[in-house]
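Undergrad: sharing a model that was predicted from the sequence below.
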Amino acid sequence: MTVAVEKPEPAQQVADAAPELKSSRRKVTRPMMVGAILVVWLVLFAVLRGKQTLTLAAADLTGLHRWFNDLNDSVGANRNSNPLFLYFFNEIRLVIDNLVTFVQDLISQPSGDRPLPQIGWLGVVGIAGFVSWAVGNWRVALLAMAGFAFFGLQGLWQESMDTLALTLSAVLVALVFAIPLGVWAGLSDRFNRIITPFLDFMQTMPTFVYLAPLTLIFLIGPASAVIATVIYAAPPAIRITAHGIRSVPETTVEAADSMGSTRWQSLLKVLLPMAKRTVVMGVNQTIMAALAMVTIAALIDAPGLGKTVMQALQSLDVGTAFNAGLAIVIMAIVLDRVTTASSTRAEEARNATGRFLKWRRPLLGSGAVGVVVLIYLSHTYLWAAQFPGDGTTGSHIASAADSVTTWVQDNLSGVTNAFRNAITNGLLNPFQSLLTDSPWWLVGAVLVGIAGVLGGWKVSVTTAVCVGLLVGTGMWSDAMTTLASTIVATALVMVFGIAFGVWMGRSMMVDRLLRPTLDAAQVMPPFVYLVPFLALFGPSRFTAIVAAVVYAVPVAIKITADGIRDVPETTVEAATAAGCNTWQIITKVQLPMARSALTLATNQGLIYVLSMVVVGGLVGAGALGYDVVAGFSQGELFGKGLAAGLAIVLLGVMFDRITQAAARRTSA
Amino acid sequence: MARHWRTGAAGLAVLGLTLTACGGAKVGDTSSGSSSSSGKCGTFNLAVNPWVGYEADAAVVAYVAQHQLGCTVDKKDLKEEIAWQGFGTGEVDAVLENWGHDDLKKKYITGQKTAVEAGQTGNKGIIGWYVPPWLAKAHPDILNYANLNKYASKFKTSESGGKGQLLDGDPSYVTNDAALVKNLKLDFKVVYAGSETALIQAFRTAEKNKQWVIGYFYEPQWFLSEVALKKVSLPAYKTGCDAVASKVACDYPVYDLDKIVSAKFAKSGSPAYNLVKNFNWTNEDQNTVAKYIAQDKLSDDAAAKKWVDANKDKVDAWLK
């Protein structure tokens, strides 16, 4: 997630004539240098195999891990007497708890003496439609109303509303912090540099690591769930707001300055309005990230759809889990389309005819009155308060999902096992033993060397620091095991990403067909498809790789498709005129010209794969993912889990910096 | 503009009147069957740990507390560690099925003194190594650990690095498997499946496709009524043989599963505390309710009602 929007345009602009000359000379040598490094590595590996590998057994701890444990224990023991808790954390918790409870009383939970929430389904559907229409357009309003009504048909009305209440509260809290911070980061380079590592940390640190400490600080309940969500969901809004502020043309700001406006005025009257569209996209990303936390927050008793998924998983009930997962997907798609529509509405309205604008206000006004009537009805009458029917659509969906998975399991498991063994024995095992059986300093030197070749000396310094810290966490060997799976998964992501991305980028039709599926794959909680994957591949590292690929491939496909589409039409036409066939156009023109998009796709693919490491730990990937899960489950392993989480962050930061620098260079 | 307003308002008023006229039943005026029968009990915060057996315990206790004692039951889905943590912060009143966990007992009962024991549940927890029934039938001698090395090569997988694979599950559960493999000189490697879900699915596939799988498992567990896994015997457990974790070379003890409550709850005099203290049933009872939930897909409440209605005498004994 790290650089979702920081597309490489700025880098492209930086490119000037001098480095271009240099890079054309170096283009030949760079792959050769990487090749040379790899050959040296292989030779030294053959000699030094098995020495200084820094392995640590499953139950062993280092001093650092024990120190983390002690810290955690002392927080637990002192929380009732420490003024920091009494007057600071407890106050935060109260405010957030009250906020969530308030929203829940409105739409999801019985409040006071009422057996039902204040606003029933009819009112909520009305509000959803009206708000979508007001901020977006009538098409998304219809989508929102249909989507919300579908929750009721699925038999998941209350669960969906609980999830919605929690998500909205979390997004609200996140934005209260994120937008000011984002504006600050947009205005000040220094603050931007300081905050970026924190944002990386918040996004790549696995949530499992801090769930248990959060419940210690903010207790079990909505506050902890909201705060866990905010930690993960706020960074995109901060980054994108900063990006939006930065993208406002210098000249506009100067013009405002020359007219004598103060700093505040130019911020409020120029920068924010001009960055509005980008900021709304930041809100969109925050909502999506918040929804991604629904199932994980269920582990600390967050109410809603996540609980349904997790509980179904205990009895391996794929159908029920899928039904609830589908509701999450629909909620995500509705919220995504509505926020996207609202970000483009200002422009559309400007282009629309004046007649429509004149009608808009009275229409909105009468719509508002209509919604008030609906709210009143749903507050008063049972039929409008409680969704009618008993969710038979939901049980149909569940049984259909069940029969599909059963069929797949019965008919494909022979093929899939052979495939797993081929990839594992042919690719993963040799690569993993190369990484884990080499001395740590050798692997470290190779990483630093490759970073230097691909990204320059600054990146190799960063890499060296990351390698040093990785050794310091005491999780070196497990980190290398995870790294091997991560790289194999990323390679697979890029294979699929390029294949489908090219297909999608070249045809609008395919794009329109594939995109909803990709959106669904991105927001469907991975827990839903773990059971069928386990049935197909058994508990193994390969299963974890497959799950990670499913999660990461949509991003790679979308970025690649955008890159292919951005190749100027004229260039493609020129190549066609020169007699190139389709294959030649793709390989000689479109892919090379979309190179920076491909690097960005690799970057994002890798970050997404890393965010699945913990899920992988639940299906047999072992290594860091398992360490994190174990740390969450056993008090004695808490410190080790935290160290493993840090190791994941370090891997993420290291590869993010390398691929970003490489992207800057390839586009230069 | 004003004209639009007026038309709109008039139209909506008509619409509103029509709708209210044919309104129907109002919220809150249904003769509520669940008339909260006097709040002597108040709120009862019950932790629900993430396995179906526990869910069965919690379903029945919550049902009885709610319908016969008039408590407001707040079930909280939590992992063990977090649930115990909740004793101190007042967020959790009771944990109904504790498997050993001497580490947690030391920390919260003797250390922080925020929790106390509330007796046994009557369930016997058995932990060990299990194989799918087809394997036990085809090679009966596999049920003795001494013969495991003979078959080690059959248990090889892509994950086990050339040795036989011994599959372990959720990291929350008590396990000595790595030490056992080493000390019994078995040609096996412990592979961490990472979750109960992964473990159950592995056994399910193994039984269906006649694959060789051996792994850590436990009873009572709902899955055993779907596939009756067979336990492999390890050197018998003797008191103290598991004292040093790295030297363990014997079977797991039989755990008397017990109940833990927060110190505050124990002193509160709540009728729910008495219920928790008296709650006691057999492995069969639990398996029955777990089966209702996991296989017959009843809701927790429906499953509990079904069992409670059929076992009035047992429930009455808990309420004395």
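TA: Right, received. Where do you want to start?
Undergrad: low-confidence ranges in the stretch 151-300 of chain A?
TA: Nowhere does the stretch 151-300 of chain A drop to pLDDT under 70.
Undergrad: chain B contacts on that one?
TA: By Cβ under 8 Å from any Cβ of the partner chain, the part of the stretch 151-300 of chain A that sits against chain B consists of A:Leu211, A:Ala212, A:Thr215, A:Leu216, A:Leu219, A:Ile220, A:Gly221, A:Ala298, A:Leu299, A:Ile300. Quick note: C-beta positions are derived from backbone N, CA and C, even for glycine.
Undergrad: and if we set it to 7 Å?
TA: Contact residues (Cβ under 7 Å from any Cβ of the partner chain) of the stretch 151-300 of chain A with chain B: A:Ala212, A:Thr215, A:Leu216, A:Leu219, A:Ile220, A:Gly221, A:Ala298, A:Leu299, A:Ile300.
Undergrad: now for those: which two are most distant?
TA: Farthest-apart pair in those is A:Leu216 and A:Ala298; separation 18.4 Å (Cβ to Cβ).
Undergrad: now A:Gln52: closest residue in space that isn't a chain neighbour?
TA: Ranked by Cβ to Cβ, 6 or more residues apart in numbering or on different chains and with sequence neighbours excluded, the top spatial neighbour of A:Gln52 is A:Pro439, at 4.0 Å.
Undergrad: pick out the residue of the stretch 151-300 of chain A closest to chain B.
TA: The stretch 151-300 of chain A approaches chain B most closely through A:Ile220 (4.3 Å), counting by Cβ to the nearest Cβ.
Undergrad: I figured that residue hits A:Pro303, correct?
TA: No: A:Ile220 sits out of contact with A:Pro303 when judged by Cβ atoms under 7 Å, with a separation of 11.8 Å.
Undergrad: which one's more surrounded, those two?
TA: A:Ile220 (26 against 23; other Cβ atoms under 10 Å in any protein chain shown).
Undergrad: my guess is that one is in a strand, correct?
TA: No: looking at A:Ile220 with DSSP: H, G, I helix; E, B strand; the rest coil, it is coil, so not inside a strand.
Undergrad: please parse chain B into its domains.
TA: Per the record, chain B has its domains at B:43-124+B:256-318, B:126-247, by automatic domain parsing.
Undergrad: before we move on, what about chain A?
TA: According to automatic domain parsing, the ranges for chain A are A:27-56+A:413-667, A:68-390.
Undergrad: shaky segments in chain A?
TA: A:1-28, A:58-59, A:80, A:346-357, A:667-668.
Undergrad: if we can go back for a sec, return the distance of the residue nearest to A:Gln52 relative to B:Asp102.
TA: From A:Pro439 over to B:Asp102 the distance is 39 Å, taken as Cβ to Cβ, to the nearest Å.
Undergrad: and after the longest helix along chain A, which helix or strand comes next?
TA: Counting residues, the longest helix in chain A under DSSP state H turns out to be helix A:318-351. The helix or strand immediately downstream of helix A:318-351 is helix A:354-380, counting by DSSP states H and E.
Undergrad: that following helix: how far from the chain's middle?
TA: Distance of helix A:354-380 from the chain centroid (Cα atoms, centre = their mean, to the nearest Å) equals 36 Å.
Undergrad: that one: which residues count as buried?
TA: Across helix A:354-380, burial judged by 16 or more other Cβ atoms under 10 Å in any protein chain shown covers A:362-363, A:366-367, A:369-380.
Undergrad: pick out the most distant pair among these.
TA: Most distant of the buried residues of helix A:354-380, by Cβ to Cβ, are A:Pro362 and A:Thr380, 27.2 Å apart.
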